[in-house]
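Q: here's my sequence, what's the structure:
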Amino acid sequence: MAVKHLVLFQFKSGVGAEAVKEASSRMLGLKEGCLHPTSQKPYIISMTGGKDNSHEGMQHGITHAFVAEFESVEDRDYYANTDPFHDEFKKFVGPIVEKIVVVDFAEGEF
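A: I've put the predicted structure just below:
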């Protein structure tokens with residue numbers, strides 16, 4: 001069962017455009033940098049993201065969104081809890097974000 005992993009960022013006020021751009025680039029780079037513990041090959045099926053451009057005004061401060069897709073819950077769990085490359089990203093982005101929202105789901109499961 002594939003799992004979608006939605007990540008939303010609100011960057012702290014005063015964080016410059018270059019830092020936001022680097023954080024976004026690093027987030028997208030997780031697709032190639034995160035390696036499966038057994039195969040030592042990339043295991044994120046897809047990773048996409050970008051800056052909010054909604055006109056609805058319902059962002060509640062969120063400015064950037066990313067969606068990663070994993071083949072299984074086990075892969076998602078390894079990524080979220082253990083993957084050392086992801087852990088390094090979390091250490092980098094932690095000091096510059098005000099809020100992070102994460103929602104995981106399997107398409108069509110309600």
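
Q: buried sites along stretch 48-67?
A: Gly49, Ile62, His64, Ala65, Phe66 (16 or more other C-beta atoms under 10 Å). (Glycine included, C-beta is placed from N, CA and C.)

Q: for this protein, which helix is longest?
A: helix 17-33 (DSSP state H).

Q: which parts of that helix are buried?
A: Neighbour-count burial for helix 17-33 [16+ other C-beta under 10 Å]: Ala19, Val20, Ala23, Ser24, Met27, Leu28, Leu30, Lys31, Gly33.

Q: which ones are touching Lys41?
A: Going by C-beta atoms under 8 Å, 6 or more residues apart in numbering, Lys41 touches Leu35.

Q: wait, what's in contact with the closest residue to Asp83 other than its chain neighbours?
A: Nearest non-adjacent residue to Asp83, counting by C-beta to C-beta, 6 or more residues apart in numbering: Cys34, 5.1 Å away. Counting by C-beta under 8 Å, 6+ apart, Cys34 makes contact with Pro42, Tyr43, Ile44, Tyr79, Asp83, Phe85, His86.

Q: name the helices or strands packed onto the longest helix of the chain?
A: Packed against helix 17-33, as judged by 3 or more C-beta pairs under 8 Å, 6 or more residues apart in numbering; DSSP states H and E, are the following elements: strand 3-11, strand 44-51, strand 64-70, helix 84-93.

Q: mind doing that once more with 7 Å?
A: Packed against helix 17-33 by the contact rule (3 or more C-beta pairs under 7 Å, 6 or more residues apart in numbering; DSSP states H and E) you find strand 44-51, helix 84-93.

Q: want to throw those into JSON lines with mean pLDDT?
A: JSON lines is the format used below for the helices and strands packed on helix 17-33 (pLDDT from 0 to 100):
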{"stretch": "strand 44-51", "mean pLDDT": "98"}
{"stretch": "helix 84-93", "mean pLDDT": "98"}
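
Q: dump those into TSV; add distance to Val73 as well.
A: Below are those laid out as TSV (distance: least, C-beta to C-beta, whole Å):
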stretch	distance to Val73
strand 44-51	13
helix 84-93	16
